[in-house]
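Enquirer: Take a look and give me a structure for this.
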Amino acid sequence: MNCWVRDAIHTLPDGTSEQIESAYLRGSSILYINVPEMFSNSRLFKIVDSEGKPAKHSGKLKRGFMTVKPRPNA
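Expert: Presented below is the predicted three-dimensional model:
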């Protein structure tokens, strides 16, 4: 999943952060994306088939939309 991001914060391995105006991320280099909780109910992040029903799959990764799982509060 390649993507463009704007106004992002890049955290370096040593823990320091820097503001980035815009960047292009190649899908194979993305390890983690923190998505705000307000998007957890968004239609964009539900896996649906062509009839609009939730897709059933055999455990294999399918192309399409993402499923969002809320993070446990730490």
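Enquirer: Output the lowest mean pLDDT helix or strand found in this protein.
Expert: strand 3-11 (a mean of 88; mean pLDDT, DSSP states H and E).
Enquirer: Identify all contacting residues around it.
Expert: Strand 3-11 has contacts (Cβ atoms under 8 Å, 6 or more residues apart in numbering) with 17, 18, 19, 20, 21, 22, 23, 24, 25, 27, 30. Every residue, glycine included, has its C-beta placed from N, CA and C.
Enquirer: Quickly run through the sheet partners of it, with directions.
Expert: Partner strands and pairing direction for strand 3-11 (DSSP bridges) are strand 17-25 (antiparallel).
Enquirer: picking up where we left off before, need the worst-confidence member of the contacts of strand 3-11.
Expert: Lowest pLDDT within the contacts of strand 3-11 is found at residue 30 (82).
Enquirer: where do the helices sit along this protein?
Expert: Secondary structure of the chain (DSSP state H): no helices located.
Enquirer: ok, so of the contacts of strand 3-11, who is nearest residue 41?
Expert: Of all the contacts of strand 3-11, residue 30 has the smallest distance to residue 41: 23.0 Å, by Cβ to Cβ.
Enquirer: Now do the contacts for that closest one.
Expert: Applying Cβ under 8 Å, 6+ apart to residue 30 gives the contacts 1, 3.
Enquirer: quick one, phi/psi of it?
Expert: In terms of degrees, to the nearest 10, the main-chain angles of residue 30 are phi -80, psi 120.
Enquirer: most surrounded residue in the contacts of strand 3-11?
Expert: Most neighbours among the contacts of strand 3-11, by other Cβ atoms under 10 Å: residue 25, with 14 neighbours.
Enquirer: okay, now the nearest residue to that residue once chain neighbours are set aside: neighbour count?
Expert: Using Cβ to Cβ, 6 or more residues apart in numbering and skipping the chain neighbours, the partner closest in space to residue 25 is residue 3 (5.4 Å). Using other Cβ under 10 Å, residue 3 has 11 neighbouring residues.
Enquirer: Fine by me, thanks again.
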